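In: Below: sequence and its predicted model.
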Amino acid sequence: MSSKPQWEAVAEAFVTHYYAVFDADRSQLSSLYREPSMLTFEGTACMGPQAIVQKLVSLPFQKVQHQVVTCDAQPVLPESLNGILVFVNGNLVVDDGGQPLKFAQVFHLMPDQSNPQAFWVYNDLFRLNYG
């Protein structure tokens with residue numbers, strides 16, 4: 001039996017951590033972004049940890065729960081320089097609403113130069129899926 005590739009294990013651990021922090025207190029996500037980080041949320045782009053967290057905190061709901069349905073990952077070669085591409089599909093339950101919203105999110109994770117075991121978000125793209 002073969003084990004998961006390292007990039008898949010990193011992606012799954014990152015996604016679990018990211019959504020746990022987001023759902024508990026999204027104001028605490030800034031450490032996962034750096035100055036060149038960019039978020040495009042429903043077509044609105046912002047750059048840098050302060051602007052990204054400000055956008056996330058300003059979202060019009062108090063309580064949120066992410067339910068990951070799928071998490072796909074690929075290395076961006078060369079892996080040691082360009083990190084991991086992560087594609088998430090899931091459900092979003094806001095303010096204890098009955099019907100979850102479908103969402104898709106893409107992360108481009110980069111290895112932290114000071115700690116190669118840690119990763120930060122270079123690109124973050126988020127869309128609700130209507131239909």
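Out: Noted; the coordinates are in hand.
In: For residue 95, the count of nearby residues, please.
Out: When neighbours are defined as other C-beta atoms under 10 Å, residue 95 has 10 of them. C-betas here are computed from N, CA, C, even on glycine.
In: Also the one 5 residues further on?
Out: Applying other C-beta under 10 Å, we find 14 other residues in the vicinity of residue 100.
In: those strands in this structure, which residues are they?
Out: With strands called from DSSP state E, the chain shows them at 33-41, 44-47, 64-75, 84-94, 101-112, 115-129.
In: Please name the strands paired to the last one in the sheet, noting orientation.
Out: Neighbouring strands of strand 115-129 in its sheet, by DSSP bridges, are strand 33-41 (parallel), strand 101-112 (antiparallel).
In: Highest average neighbour count across these: which stretch is it?
Out: For the strands paired with strand 115-129, the largest average neighbour count (mean count of other C-beta atoms under 10 Å) is found in strand 101-112, namely a mean of 18.
In: Turn the strands paired with strand 115-129 into CSV, columns for distance to residue 118 and mean pLDDT.
Out: Output for the strands paired with strand 115-129, formatted as CSV (distance: least, C-beta to C-beta, whole Å; pLDDT from 0 to 100):
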stretch, distance to residue 118, mean pLDDT
strand 33-41, 12, 97
strand 101-112, 4, 95
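In: Show me where the protein dips below the pLDDT cut-off.
Out: Residue ranges of the chain with pLDDT under 70: 1-3, 78-81, 131.
In: and the longest helix for it?
Out: For the chain, the helix reaching the highest residue count under DSSP state H is reported as helix 6-25.
In: tilt between that helix and strand 64-75?
Out: 160 degrees (axes from the mean of the first three to the mean of the last three C-alpha atoms, to 10 degrees).
In: Could you name the helices and strands sitting against helix 6-25?
Out: strand 64-75, strand 84-94, strand 101-112 (3 or more C-beta pairs under 8 Å, 6 or more residues apart in numbering; DSSP states H and E).
In: would you list those in JSON lines and tack on distance to residue 4?
Out: Formatted as JSON lines, those follow (distance: least, C-beta to C-beta, whole Å):
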{"stretch": "strand 64-75", "distance to residue 4": "9"}
{"stretch": "strand 84-94", "distance to residue 4": "13"}
{"stretch": "strand 101-112", "distance to residue 4": "16"}
